[in-house]
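**Student:** Pasting the sequence and the predicted coordinates here, then a few questions.
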Amino acid sequence: MHAIVLLKRVLDPEIPQTAFSLDPERQEPAVLRHPFVLSVFDGNALELGLKLREARAGDLRITALTLGPRAAEDILRKALALLADAAVHIVGEEDGLAPGVKARVIAAAIRRLPAPDLILCGRQAADWEAGQLGGMLAEALAVPCLPFVSELRPAAGGFDAVQQVESGQVVHRIAGPAVLTVTNDQGNVLRAARIKDVMASRGRELIVFHLRELVPGAGGAEARAEMLSLRLPAPRLRAEIVDGEGPAEKTQGLVRRLREVGAF
Amino acid sequence: MAGAPLHKILTVVWAAGGASAAARERTQAAAQLAADMKAEFAVLALGLGTGTVAPALAVAGANEILVSEEEALQVAPGEAGLRAIERACELTGADLVLLPADSLGRDWAPRLAYRLGAGLVTEVTDWSLAAGRPIFERLVFGGKAIATMVVAEGRAVAATRPGAGRRDAPPPSGRGEVRALGLPIPLDPLWPRVVRRQSEEREGPGLDEARVIVSGGRGLGGPEGFARLGDLAAALGGALGASRAAVDEGWAPATWQIGQTGKTVAPELYIAVGISGASQHLVGCSKAKTIVAINSDPDAPIFDYARFGVVGDWRVIVPALTAAVKEMRDR
Ligand SMILES: Cc1cc2nc3c(=O)[nH]c(=O)nc-3n(C[C@H](O)[C@H](O)[C@H](O)COP(=O)(O)OP(=O)(O)OC[C@H]3O[C@@H](n4cnc5c(N)ncnc54)[C@H](O)[C@@H]3O)c2cc1C
Ligand SMILES: Nc1ncnc2c1ncn2[C@@H]1O[C@H](COP(=O)(O)O)[C@@H](O)[C@H]1O
């Protein structure tokens, strides 16, 4: 059994607003001093793969795959340190690729690998927050898609996938190859790698493809969304700090202020 | 922008068991957009029992209402719903499809756009118009920046967040003509199929209707903290929410998560306790009328966002606040 986990390298999403700025010329964040990390939901997806392998007593091959510049190799090494079996790097810049084309490029790479039973990706990348690739990749591979999965269990004839929806959870039975997009829950926080596995991952071979050699299959001319502008939100006023001698006075003061502004 | 104006809007609502307030609101926003664009407007209502929702959707401005009550929608809502939407696009000739940015709409949007060869904009928070085409706003980088997007040529699909396109004056009622979609949807054995639904059980109001929400974050330090927040929420007749960190720690269920990838809430009063104020969290509560922050760190970013702040350890502040609220109530 084979699972492919898609990993994207993104600008650290935890950078506070005060440290975040834009390059107006290039219409993207000014990244000079900012670190890059593995996109958070992709970490949850990798953890689901690792858990499923444990539930299947090791009978699951996990391939990590990324499309990105040379530097994105870091996140593949991270996956290898967490004992992914193989890592695939499609070297290239995704900027400028329409999302449907990106899906077809990744699909083309996947077709060169042992056929997967499952493809796991994040519900949305933690940079542009599109939430598009999983569904489009499912289309490009002509398999079903199930979004917002937080847990996977082996079940008769396939897997049970727990999906997070607004009102609670829905359990779906998955019978054949599918793309699952993953959302966070307490059970799928990405584990930490052991030092010795980190060391061992450094020398591992990657499977490398170049973006330009992966000719996206047919898909015709497609419309696409273009960005017209990118701006920072308007700053808010600083909170009115309600102070006093001790907690009782502070909170009574707060209640008074809330009544004055009609919040009660 | 060279593209021709769009002329037919289709919006999709999941209406099993009735048209929810959210479905009516989205219909209304889409009807208003259609009126502004001088475009035609149809609604596709999906789910068992959908036939009865027509009057409510008509009041919200729907002219043409296609309904599908196929059994497959219950068992495989994602796949079966996608089939129905594709069919509705064919029947109506829609060139702009508006889907909800919820667990179903986010499933359909990328797949529908791919099938139609349409341009896609997800997580839309608002729109305006230029040359007969909508310009969409969306939050990016966890709400730290705002992008405007346009699909300048061809068809467009958009997934819209709650409140997107809300205008003060509602559009006039629509004709509300109901038509069956007339597409049998056989179940494909390879489709994911629902085997169990587990609805969250909650005492008191839900997050979408509560007038007061008390939310806890990692600063609570453990699940017991939520019991204390529960006392405060009960005294205020409110509901409990959580940050992603608290959900990831296992102190609160995922259905309580508020934020960019959790729920979007709009209560009168939002009390954030032990929450630092990451942009991804604030995106979910920015529509609250009044935000109060309780945090031991006077430099926490949440104090740059809340209307009122109390600096202190929640362990002493929250019980004192609960007492102060009860005192006010008893007076
Ligand atoms: C793509 C993406 C999507 C995300 N979506 C969401 C989302 O939907 N919702 C969400 O919430 N987050 C989301 N996040 C995560 C977000 O970036 C933050 O990591 C998260 O909100 C932090 O949670 P927190 O404020 O509870 O924890 P922390 O940032 O750890 O803050 C804890 C706070 O508690 C305070 N504190 C500590 N002890 C006490 C005490 N005794 N009394 C009072 N205060 C105390 C500290 O001063 C600190 O400010 C998302 C992140 C990404 C990348
Ligand atoms: N360049 C990429 N390389 C690998 N995976 C990606 C890439 N872009 C997106 N993904 C995957 O698709 C998910 C959704 O991305 P997006 O549609 O861009 O929000 C991400 O969480 C990743 O798992």
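**Tutor:** Noted; the coordinates are in hand. Ligands and ions are numbered 1, 2, ... in the order given.

**Student:** okay, CA-based contacts and neighbour counts for the rest of this
**Tutor:** OK.

**Student:** A:Val255 contacts B:Ala324, correct?
**Tutor:** Yes - the pair A:Val255 / B:Ala324 is scored as a contact, 7.0 Å apart, by CA atoms under 8 Å.

**Student:** which of those two has more neighbours?
**Tutor:** Taking other CA atoms under 10 Å in any protein chain shown, A:Val255 and B:Ala324 do not tie; B:Ala324 has more neighbours (23 against 18).

**Student:** Skipping its backbone neighbours, what lies nearest A:Asp185 in space?
**Tutor:** B:Asp248 (5.4 Å; CA to CA, 6 or more residues apart in numbering or on different chains).

**Student:** sorry, that was for B:Ala180
**Tutor:** Excluding the flanking residues, the one nearest B:Ala180 by CA to CA, 6+ apart is B:Val67, at 5.0 Å.

**Student:** which ones are touching the one you found?
**Tutor:** Each residue near B:Val67 by CA atoms under 8 Å, 6 or more residues apart in numbering or on different chains is listed here: B:Leu44, B:Ala45, B:Leu46, B:Thr50, B:Gly51, B:Val178, B:Arg179, B:Ala180, B:Leu181.

**Student:** hang on, the fifth one in a helix?
**Tutor:** What that stands for is B:Gly51. Yes - assessed by DSSP: H, G, I helix; E, B strand; the rest coil, B:Gly51 belongs to a helix.

**Student:** So in terms of bridging, what pairs with the nearest residue to it once chain neighbours are set aside?
**Tutor:** Setting aside the residues directly before and after it, B:Gly51 is nearest to B:Val67 in space (CA to CA, 6+ apart), at 6.6 Å. Counting by DSSP bridges, B:Val67 is bridged to B:Ala45, B:Ala180.

**Student:** now B:Pro134
**Tutor:** Counting by DSSP bridges, the residues bridging with B:Pro134 are B:Leu129.

**Student:** for the stretch 101-250 of chain B, which spans come out with low pLDDT?
**Tutor:** The stretch 101-250 of chain B contains no residues with pLDDT under 70.

**Student:** can you list the residues of it near ligand 1?
**Tutor:** Contact residues, the stretch 101-250 of chain B versus ligand 1 (CA under 6 Å from any ligand atom): B:Gly217, B:Arg218, B:Gly219, B:Ser243, B:Arg244, B:Ala245, B:Ala246.

**Student:** I figured the second one was touching B:Gly274, is that so?
**Tutor:** Which is B:Arg218. Yes - if you go by CA under 8 Å, B:Arg218 and B:Gly274 touch, sitting 6.2 Å apart.

**Student:** Now the residue in the stretch 151-300 of chain B that ligand 2 sits nearest to. Nearest residue, chain neighbours left out?
**Tutor:** Closest residue of the stretch 151-300 of chain B to ligand 2, CA to the nearest ligand atom: B:Thr261 (11.9 Å). Counting by CA to CA, 6+ apart, B:Gln280 is the residue found nearest to B:Thr261 once chain neighbours are left out, at 7.7 Å.

**Student:** any idea how far that neighbour lies from B:Leu6?
**Tutor:** According to CA to CA, to the nearest Å, B:Gln280 stands 33 Å off from B:Leu6.

**Student:** With A:Arg231 instead?
**Tutor:** According to CA to CA, A:Arg231 and B:Leu6 sit 27 Å apart.

**Student:** Who has more neighbours out of those two?
**Tutor:** B:Leu6 (22 against 19).

**Student:** Can you show me the strands along the stretch 51-200 of chain A?
**Tutor:** Assigned by DSSP state E, counting those that start in this stretch, the strands in the stretch 51-200 of chain A fall at A:61-68, A:86-91, A:118-122, A:145-155, A:158-165, A:168-174, A:178-182.

**Student:** Point out where the stretch 51-200 of chain A drops to low pLDDT.
**Tutor:** By pLDDT under 70, the stretch 51-200 of chain A has no low-scoring segment.

**Student:** give me phi/psi at the closest residue to ligand 2 within the stretch 101-250 of chain B?
**Tutor:** At 8.6 Å from ligand 2, B:Pro110 is the closest residue in the stretch 101-250 of chain B, using CA to the nearest ligand atom. Phi and psi for B:Pro110, reported as degrees, to the nearest 10, are phi -70, psi -30.

**Student:** Wait, it touches A:Ala138, no?
**Tutor:** No - assessed by CA under 8 Å, B:Pro110 is found out of contact with A:Ala138, at 9.6 Å.
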